[in-house]
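Trainee: could you work out the structure for the sequence below:
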Amino acid sequence: MIKKKIYEYRADLLLLSVAIAWGITFLMVQEAINSTPVYSFLFFRFALASLIMFFIAFNHFKDTTFKTVWYGIILGTFLFSAFATQTFALTYTKSSIVAFITGLNVICVPFLAYFLFKDKVKKNVFVGSLIAVVGLYLLTMSGVLTLGKGEFLTLICAFLFALQIIFTGKFSKEVNVFLLVFFQLLTVSILSLLFSLYFDKTTFLLEYDYSFFKAVIITALFATVYAFLIQTYMQQFTTATKTAIIFTMEPVSAAVFAYFMINEILNTTQIIGAILIICATLIAEINLKKRI
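Mentor: Just a heads-up that it's a prediction; the model follows:
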């Protein structure tokens, strides 16, 4: 039992490092897509990540099965579809509203996990998810929340991210983790290329400057290969709901990084929101059961 809890705490800590990696690279991605079409950037990011993951997983390819490939395609489709709906949503509504609604996957996860797999959620984890939603609202919201086309697309995005988290936890226990991550990233790369060729004005005739290469290389290494390898491997030892709560630390780390890099100041409401998210993460780690 003690050994199991140690594995769980280690998994949660490493998942926190994933949220921090995503938060730190947020500004970098934002800067890159100012001059690069979104789907084209996603293609280069995930294509490079797939190549890196190919060499990491090379010795495991002998264990490839149909189930492994199929599971990777499912996760990759969830992940890409979430990115796609989020991107389209940004053309209809404010980024702050998109950020908040996307974060609602933290409350979608426990209900979907129970509905799909009858997974029970501990009280402290459920309470943590509710607190995280309040924290997200205070940290990210700077507009009036309505239910227009942008908000509806973002709700779909939140639902898809929730599915990706839930099914990652299930699939990672059944097949080779390295191959699962590789086929997931490859799927996102291929779908990004197809969408870029159809929707973007250009896919390859880009301004290949320093900010582009910096964003592609760093996000491919840390926000993609490292992030999804850690998420997939560590979700074997923790729950999907706790993972979703921990991932709400992404906007917190993004805000902290923005403060140090570009002196972006948080107001009092946003600071309270960040504190609530941190509290939610800690509450999710506490065992409320009385020790006998």
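Trainee: so residue 85 sits right up against residue 158, yeah?
Mentor: No. Using C-beta atoms under 8 Å, residue 85 makes no contact with residue 158, being 9.1 Å away. Quick note: C-beta positions are derived from backbone N, CA and C, even for glycine.
Trainee: isn't residue 28 up against residue 219?
Mentor: Yes. Here residue 28 reaches residue 219: they are 6.6 Å apart, a contact under C-beta under 8 Å.
Trainee: looking at the two, which is more packed in?
Mentor: residue 219 (26 against 19; other C-beta atoms under 10 Å).
Trainee: tell me the spacing between that one and residue 32.
Mentor: The gap separating residue 219 from residue 32 is 8 Å, by C-beta to C-beta, to the nearest Å.
Trainee: same check, this time on residue 286
Mentor: 39 Å.
Trainee: more crowded one of those two?
Mentor: Counting neighbours by other C-beta under 10 Å for residue 286 and for residue 32 shows that residue 32 has the greater number, 23 against 12.
Trainee: the closest residue to the more buried one other than its chain neighbours: how many residues sit nearby?
Mentor: Take residue 32 and drop its neighbours on the chain: the residue closest to it by C-beta to C-beta, 6 or more residues apart in numbering is residue 215, 3.5 Å away. Around residue 215 there are 23 other residues, counting by other C-beta under 10 Å.
Trainee: same thing with residue 225?
Mentor: Quick note: residue 225 (other C-beta under 10 Å) scores 22 neighbours.
Trainee: compute the number of surrounding residues for residue 65.
Mentor: 12.
Trainee: flag every buried residue along the helix or strand hosting residue 211.
Mentor: Taking DSSP states H and E as the definition, one finds residue 211 inside helix 210-218. Using 16 or more other C-beta atoms under 10 Å as the test for burial, helix 210-218 gives 212, 215-216, 218.
Trainee: residue 130 versus residue 277, what's the distance?
Mentor: To residue 130, residue 277 is 12 Å away according to C-beta to C-beta.
Trainee: the two: who's more crowded?
Mentor: Set side by side, residue 277 and residue 130 show more neighbours around residue 277, with 29 against 15, by other C-beta under 10 Å.
Trainee: list the helices and strands the lowest-mean-pLDDT helix or strand in the chain packs on?
Mentor: Every helix and strand of the chain was ranked by mean pLDDT, DSSP states H and E. The lowest is helix 95-103, at a mean of 80. Other helices and strands packing on helix 95-103, by 3 or more C-beta pairs under 8 Å, 6 or more residues apart in numbering; DSSP states H and E, are helix 66-89, helix 123-140, helix 149-171.
Trainee: so what touches stretch 70-86?
Mentor: 39, 42, 98, 102, 153-154, 156-157, 160-161, 163-164, 167-168, 171, 174-175, 179-188, 191-192, 195 (C-beta atoms under 8 Å, 6 or more residues apart in numbering).
Trainee: repeat for stretch 5-14
Mentor: 230, 234-238, 242, 246, 285.
Trainee: swap in stretch 45-59?
Mentor: 176, 178-179, 181-182, 185-186, 188-189, 192-193, 215-217, 219-221, 224-225, 229.
Trainee: need the pLDDT of the closest residue in space to residue 171 that isn't next to it in sequence.
Mentor: With sequence-adjacent residues excluded and distances taken as C-beta to C-beta, 6+ apart, residue 171 is closest to residue 71, at 4.3 Å. Per-residue pLDDT puts residue 71 at 98.
Trainee: try residue 121
Mentor: Looking at residue 121, its pLDDT is 81.
Trainee: ok, it to residue 163 distance?
Mentor: 16 Å.
Trainee: who's more crowded, the two?
Mentor: Higher neighbour count among residue 121 and residue 163: residue 163, with 23 against 19, using other C-beta under 10 Å.
Trainee: the more buried one against residue 111, yeah?
Mentor: No. Using C-beta under 8 Å, residue 163 makes no contact with residue 111, being 11.8 Å away.
Trainee: and residue 91, what does it touch?
Mentor: By C-beta under 8 Å, 6+ apart, the contact set of residue 91 is residue 150.
Trainee: for it, phi and psi?
Mentor: phi -80, psi -10 (degrees, to the nearest 10).
Trainee: narrow the contacts of stretch 70-86 to those that are buried.
Mentor: Burial by neighbour count, 16+ other C-beta under 10 Å: within the contacts of stretch 70-86 this picks out 39, 42, 98, 102, 153-154, 156-157, 160-161, 163-164, 167-168, 171, 175, 179-188, 191-192, 195.
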